[in-house]
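Visitor: what follows is a protein structure lacking sequence information:
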């Protein structure tokens with residue numbers, strides 16, 4: 001005699017060895033002897049095990065599940081009772097087993113209440129469950145259709161629309177993600193490699209930029225409609241003709257300089273800063289945009305501006321315009337002693353936007369600094385005088401280094417044919433020196449004004465250790481000033497906008513944006529500091545990628561680098577920090593070493609460097 005029984009949710013058959021009231025001792029189909037509880041047994045039969053089980057499974061497959069459900073009624077029922085109702089006679093062992101198999105196979109139709117006892121699902125619940133099954137089938141079919149297209153290097157439009165999200169912030173329940181991931185797994189390649197093969201991503205640089213934009217600009221890099229409101233027509237500064245000094249690519253011209261001769265060897269300098277804060281109401285849509293973006297984000301070959309183009313166009317200190325500015329004037333005597341700071345809001349005539357690439361060949365450490373020499377470009381004489389003032393200010397701050405070793409900054413640029421070019425700028429060049437000193441003069445003076453008035457702001461402080469942001473002024477020992485804050489780039493940084501708003505309130509134009517102890521100012525500091533650092537990190541990351549492309553492009557086999565610490569080095573001539581193997585532990589930081597380039601893979605952001613020798 002044999003039995004048909006359930007164990008752990010599965011139906012089985014076995015041959016009886018011994019039987020008592022509560023248990024059966026049996027031999028299974030596979031020859032294993034075991035015990036089966038009597039209440040787990042549904043039928044006894046005499047047919048061979050395989051014959052019975054196969055017949056029950058075949059019969060179960062022929063049962064009409066919908067008809068079986070309609071037969072059940074609303075009350076609980078036993079498997080034997082519903083089998084008799086369905087077949088119209090007392091069921092055979094095979095028919096009972098088939099009915100049990102069918103009931104277990106359709107849990108949406110039949111709820112299991114106890115061993116062999118069931119209840120039919122309510123009609124509405126069943127409809128919903130069946131609809132869900134149908135939806136799932138359709139979804140699985142859609143996933144398979146997308147996978148097939150992706151395997152043939154075609155990008156379905158639905159996946160193209162979600163691709164940034166799939167690659168950088170996936171919703172793992174989304175059908176598009178499931179299809180893309182399944183296709184990548186099937187081809188044994190990464191999601192990025194699949195995206196590149198199907199034309200969804202053009203390069204690693206584009207992939208990195210997409211991820212950056214999705215994280216920091218989830219609503220896109222475009223702006224809503226933000227018209228510039230009418231603002232007060234301030235008087236034109238008399239006798240002032242200002243000029244700016246910027247890179248060729250600069251569109252947000254925040255600052256300009258002017259120089260007036262007062263006679264007797266005395267001069268008056270003007271530092272003029274674009275003044276968008278004077279047209280922005282607290283809590284307005286444009287201010288919300290500033291606080292969301294925090295800064296213009298720069299990267300090789302592009303940027304994402306903090307302000308919309310119409311606002312930049314209205315306030316950028318562009319040549320030929322008379323623009324609203326917050327100006328600070330200083331009187332300077334023949335010994336370059338600076339005095340009598342005066343802050344004004346006014347319109348300033350912008351005579352010219354000087355471009356560094358144009359003037360630097362004629363104004364650098366080797367040429368163009370002789371006050372009696374030939375004039376090579378507009379405002380050349382003024383720049384020579386400003387440079388002399390800048391050197392005097394550096395000395396007054398104790399930051400002038402006469403015999404400092406030359407240092408360089410490297411950037412990424414692109415040739416018309418797409419090749420990578422490394423730009424080189426000498427740090428501390430005459431142009432950099434005069435511009436930075438004028439900005440330090442304005443920033444430190446205005447920071448001192450806020451401090452003395454007891455107004456908070458976003459200050460850059462360094463009383464000791466590292467530079468940090470603070471809402472209260474403290475000394476900045478790195479610069480040699482008692483007070484310092486960013487005021488001079490309000491078109492490009494939220495910190496400068498906030499400080500300009502505070503300064504405007506101080507001189508009687510509206511109210512300061514934030515009062516002392518304002519929790520919103522602390523939040524603004526945190527948000528700016530975090531976001532500004534993230535933008536800078538991304539710029540360095542993308543510069544690192546393009547540096548690898550350049551190394552591959554130029555087939556570099558050896559490079560020089562400076563040890564930063566242990567195996568971490570900064571490559572000479574490239575904006576790239578990497579790790580090198582084999583550097584002797586006894587070589588100190590700042591040692592220049594020669595390295596072999598063993599591997600370069602921009603797509604994997606990988607460079608292999610190994611130590612050759614120290615460079616003396």
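Guide: Received it, and whenever you're ready, just let me know what you need. Everything numeric here is computed off the predicted structure, so don't read it as measured data.
Visitor: helix or strand for residue 138, just tell me which one.
Guide: Per DSSP states H and E, residue 138 falls inside helix 123-151.
Visitor: low-confidence ranges, the stretch 51-200 of the chain, go.
Guide: Applying pLDDT under 70 to the stretch 51-200 of the chain flags no residue at all.
Visitor: hmm, residue 274 is touching residue 318, no?
Guide: No - counting by C-beta atoms under 8 Å, residue 274 does not reach residue 318; the two are 9.8 Å apart. For the C-beta atoms, the positions are set from N, CA and C on the backbone; glycine is no exception.
Visitor: ok, the nearest residue to residue 76 once chain neighbours are set aside - contacts?
Guide: Leaving aside its chain neighbours, residue 76 sits nearest to residue 119 (4.8 Å; criterion: C-beta to C-beta, 6 or more residues apart in numbering). Applying C-beta atoms under 8 Å, 6 or more residues apart in numbering to residue 119 gives the contacts 72, 75-77, 110-111, 113.
Visitor: report the beta-bridge partners for residue 119.
Guide: Going by DSSP bridges, residue 119 is paired in beta bridges with residue 111.
Visitor: pLDDT score for the residue nearest to residue 324 when sequence neighbours are not counted?
Guide: Excluding the flanking residues, the one nearest residue 324 by C-beta to C-beta, 6+ apart is residue 275, at 4.8 Å. Looking at residue 275, its pLDDT stands at 97.
Visitor: got it, and the one 4 residues further on?
Guide: Among the per-residue scores, residue 279 holds a pLDDT of 96.
Visitor: who's in contact with the spatially closest residue to it that is not a sequence neighbour?
Guide: Nearest residue to residue 279 in three dimensions, chain neighbours excluded: residue 231, at 4.0 Å (C-beta to C-beta, 6+ apart). Counting by C-beta under 8 Å, 6+ apart, residue 231 makes contact with 278-279, 324.
Visitor: show me these that map onto strands.
Guide: Among the contacts of residue 231, the members falling in strands (DSSP state E) are residue 324.
Visitor: okay if I get the contacts of residue 231 as TSV plus neighbour count?
Guide: What follows is the contacts of residue 231, written out as TSV (neighbours: other C-beta atoms under 10 Å):
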residue	neighbour count
278	20
279	17
324	22
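Visitor: so which of the contacts of residue 231 is the closest to residue 130?
Guide: residue 279 (61.8 Å; C-beta to C-beta).
Visitor: who's in contact with the closest one?
Guide: 228-229, 231, 314-315, 324.
Visitor: apply 7 Å and report the result again.
Guide: 228-229, 231 (C-beta atoms under 7 Å, 6 or more residues apart in numbering).
Visitor: which residues does residue 302 form beta bridges with?
Guide: Under the criterion used (DSSP bridges), residue 302 bridges to residue 299.
Visitor: okay, it and residue 295: tell me how far apart.
Guide: Separation of residue 302 from residue 295 (C-beta to C-beta, to the nearest Å): 15 Å.
Visitor: what segments of the stretch 451-600 of the chain are strands?
Guide: In the stretch 451-600 of the chain, the segments counted as strands under DSSP state E, counting those that start in this stretch are 459-461, 468-470, 558-565, 568-571, 577-579, 592-601.
Visitor: same thing with the stretch 301-450 of the chain?
Guide: Under DSSP E, counting those that start in this stretch, the stretch 301-450 of the chain gives strands at 302-304, 322-332, 338-355, 407-414, 420-427.
Visitor: any idea which of those strands is most buried?
Guide: strand 322-332 (a mean of 21; mean count of other C-beta atoms under 10 Å).
Visitor: now that strand and strand 338-355, what's the angle there?
Guide: 140 degrees (axes from the mean of the first three to the mean of the last three C-alpha atoms, to 10 degrees).
Visitor: centre of the chain to strand 322-332, how far?
Guide: The chain centre lies 37 Å from the centre of strand 322-332; the measure is C-alpha atoms, centre = their mean, to the nearest Å.
Visitor: measure stretch 465-484 end to end?
Guide: This stretch, stretch 465-484, spans 16 Å end to end (C-alpha to C-alpha, to the nearest Å).
Visitor: outside of it, which residues touch it?
Guide: Residues from elsewhere that reach stretch 465-484, judged by C-beta under 7 Å, 6+ apart: 397-399, 440, 443-444, 447-448, 450-451, 456-463, 521-522, 525, 529.
Visitor: can you check stretch 129-148 too?
Guide: Applying C-beta under 7 Å, 6+ apart, the contact partners of stretch 129-148 are 108, 156, 159, 175, 178-179, 182-183, 186.
Visitor: mind checking which of these are buried?
Guide: 156, 159, 175, 178-179, 182-183 (16 or more other C-beta atoms under 10 Å).
Visitor: now, which of those lie within helices?
Guide: 159, 175, 178-179, 182-183 (DSSP state H).
Visitor: distance to residue 257 for the residues you listed - can I get that in CSV?
Guide: Below are those laid out as CSV (distance: C-beta to C-beta, whole Å):
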residue, distance to residue 257
159, 53
175, 59
178, 59
179, 58
182, 61
183, 58
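Visitor: now the two most distant members of these.
Guide: Of all pairs in those, the most separated under C-beta to C-beta is 175 and 183 at 12.5 Å.
Visitor: tell me the secondary structure for the residue nearest to residue 19 when sequence neighbours are not counted?
Guide: Excluding the flanking residues, the one nearest residue 19 by C-beta to C-beta, 6+ apart is residue 25, at 7.6 Å. Following DSSP: H, G, I helix; E, B strand; the rest coil, residue 25 is assigned to strand.
Visitor: what's the longest helix belonging to the chain packed up against?
Guide: Criterion DSSP H: the longest helix present in the chain is helix 519-553. Here helix 519-553 touches helix 204-216, strand 297-299, strand 420-427, helix 494-506, strand 592-601, going by 3 or more C-beta pairs under 7 Å, 6 or more residues apart in numbering; DSSP states H and E.
Visitor: can you pull the buried residues of that helix?
Guide: 521, 524-525, 528, 531-532, 534-535, 538-539, 542-552.
Visitor: and stretch 578-596, by the same measure?
Guide: In stretch 578-596, counting by 16+ other C-beta under 10 Å, buried: 578, 580, 583, 591, 593, 595.
Visitor: and what of stretch 203-221?
Guide: For stretch 203-221, by 16+ other C-beta under 10 Å, it's 204-205, 207-210, 212-213, 216.
Visitor: would you check which pair of these lies furthest apart?
Guide: The most widely separated members of these are 204 and 216, with 18.5 Å between them, by C-beta to C-beta.
Visitor: returning to that earlier point: between the buried residues of stretch 578-596, which is closest to residue 501?
Guide: residue 578 (41.8 Å).
Visitor: excluding sequence neighbours, find me the nearest residue to the most centrally placed residue in the chain.
Guide: Nearest to the mean C-alpha position of the chain, by C-alpha atoms, centre = their mean, lies residue 212 at 3.1 Å. Nearest non-adjacent residue to residue 212, counting by C-beta to C-beta, 6+ apart: residue 538, 5.0 Å away.
Visitor: distance between stretch 33-45 and the chain's centre?
Guide: 62 Å.
Visitor: may I see the buried residues of that stretch?
Guide: So stretch 33-45, judged by 16+ other C-beta under 10 Å, has buried residues 36, 40-43, 45.
Visitor: what average pLDDT does it get?
Guide: 92.
Visitor: tell me the contacts of residue 487?
Guide: Applying C-beta under 7 Å, 6+ apart, one finds that residue 487 lies in contact with 273, 442-443, 446, 496, 499-500, 503.
Visitor: ok, the closest residue to residue 510 other than its chain neighbours to residue 493 distance?
Guide: Leaving aside its chain neighbours, residue 510 sits nearest to residue 504 (5.9 Å; criterion: C-beta to C-beta, 6+ apart). The gap separating residue 504 from residue 493 is 16 Å, by C-beta to C-beta.
Visitor: neighbour count: these two, which is higher?
Guide: residue 493 (23 against 20; other C-beta atoms under 10 Å).
Visitor: wait, isn't that one in contact with residue 486?
Guide: Yes - with contact defined as C-beta atoms under 7 Å, residue 493 reaches residue 486; the gap is 6.1 Å.
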